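Student: okay, sequence plus prediction incoming.
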Amino acid sequence: MPGLLERLEAGPVICAEGYLFELERRGYIQAGAFVPAVVLEHPEKVLELHREFVHAGSDVVEAFTYYGHREKLRVVGKEDLLEPLNRNALQIAAEVADESGALLAGNICNTNIWEPDRKETHRAARAMFEEQVGWAVDAGADMIIGETFCWTDEALVALEVIQAAGKPSVIMFALDAEGLHDGADGATACKRIADAGADVVGLNCSRGPATMMPVIKEIREAVSCHVAALPVPYRTNAEMETFQLLQDRDCNCLPETGSFPTALDSFVCNRYEMAEFAKDAYADGVHYLGACCGTGPHHIRSMAEALGRQPPASKYSPDMSKHAYQGTDENIPDYYKKLGEAYDSFVS
Ligand SMILES: [Zn+2]
């Protein structure tokens, strides 16, 4: 079975992300701490979502260990769950990867303890990466994804740990409007990671298609390795560059914390916008594509189709020719086609 790098040489590789948001919406994860205890409490829900994303075209099954690290579990007082949570998440993902032929990815992310001037936090972060990557190696991971980093140096440590494990690496930053916490812009940070030998570098989360694309173009220019682009499916803009900044001004009942993260619905990109992003990024030479928080399988399917794929879910892609009013099929009564013209005049 071809590995990540062979697949990237041959064409696009699609990776569905966004498990936290989707399982929060479905009622199995608590917003706030966003700890993926669902892999222990409702493993069948995680299994099903992995399957839905693969059905929709994801080439990668990313073990749901995001924010399942030692620091997050310490914050919620459940450090004893650290190892079972990680091993369960990997086992669930491995089951879907095995049955589908998709790649099994281990996952590490920002530790939330990194402080630039405190060396002990760097050692602690490295130890957190080592334990999680070790469990991923035990589970037979084909690759390791390190994501949503906001410190270049923290991402470098993550890369070193992945390299020491001998696994292909995908390292991605979550880029604020002002850049990373260390002041680096996306291209500068990715260049450092690429120069250190990462297989894939890029951005995920935080930015929607409109505000991620310009930075992705700079990164593509700056590095010679493969580039990753996994925006959140939200309509970020020049004024509100990341989804954390989006404020729904048409809503008069927002929670005190604002639209992020539980009231972003009115900003969601439709599947066609995500398809356009995938097509445009691929044309620019970006081969590792997907989408992050907020993503549903319909987004992934449209992105896959825009990249020339026909995943199993394409069997159910829209065919409006048999719609009761808007259909053009000969089996639709003329009387109803006539009624449907009202829609047509509205659309045009
Ligand atoms: Zn995300």
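Tutor: In hand now; what should we look at?

Student: helix, strand or coil: sort out Leu289 for me.
Tutor: Following DSSP: H, G, I helix; E, B strand; the rest coil, the label given to Leu289 is strand.

Student: look at the closest residue to it other than its chain neighbours and tell me its secondary structure.
Tutor: Of all residues not flanking Leu289 in the chain, Ala278 sits nearest, at 5.2 Å (Cβ to Cβ, 6 or more residues apart in numbering). Heads up, the C-betas are built off the backbone N, CA and C, glycines and all. Three-state assignment for Ala278 (three-state DSSP): helix.

Student: residues near Ala278, how many?
Tutor: Neighbourhood size, Ala278 [other Cβ atoms under 10 Å]: 26.

Student: repeat for Ile113
Tutor: The burial count for Ile113: 17, using other Cβ under 10 Å.

Student: I'd say it and Ala124 touch.
Tutor: Yes: proximity of Ile113 to Ala124 meets the contact threshold set by Cβ atoms under 8 Å, at 5.8 Å.

Student: distance of the residue of the stretch 101-250 of the chain found nearest the ion relative to Gly258?
Tutor: With Cβ to the ion, the shortest gap between the stretch 101-250 of the chain and the ion falls at Cys205, namely 3.2 Å. Distance of Cys205 to Gly258, given as Cβ to Cβ, to the nearest Å: 18 Å.

Student: compare these two (neighbour count), which wins?
Tutor: With neighbours defined as other Cβ under 10 Å, Cys205 and Gly258 compare such that Cys205 has more, 27 against 16.

Student: what residues of stretch 339-348 count as buried?
Tutor: For stretch 339-348, the buried set under the neighbour-count rule, 16 or more other Cβ atoms under 10 Å, comprises Gly340.

Student: assign a three-state SS to Glu131, would you?
Tutor: helix.

Student: check contacts around it.
Tutor: When contacts are counted by Cβ atoms under 8 Å, 6 or more residues apart in numbering, Glu131 touches 70, 82-83, 86.

Student: helix or strand for Glu273, which one?
Tutor: Assigned by DSSP states H and E, Glu273 falls within helix 271-283.

Student: tell me what that helix is packed against?
Tutor: Packing contacts for helix 271-283, counted by 3 or more Cβ pairs under 8 Å, 6 or more residues apart in numbering; DSSP states H and E, involve helix 209-222, strand 288-291, helix 297-306.
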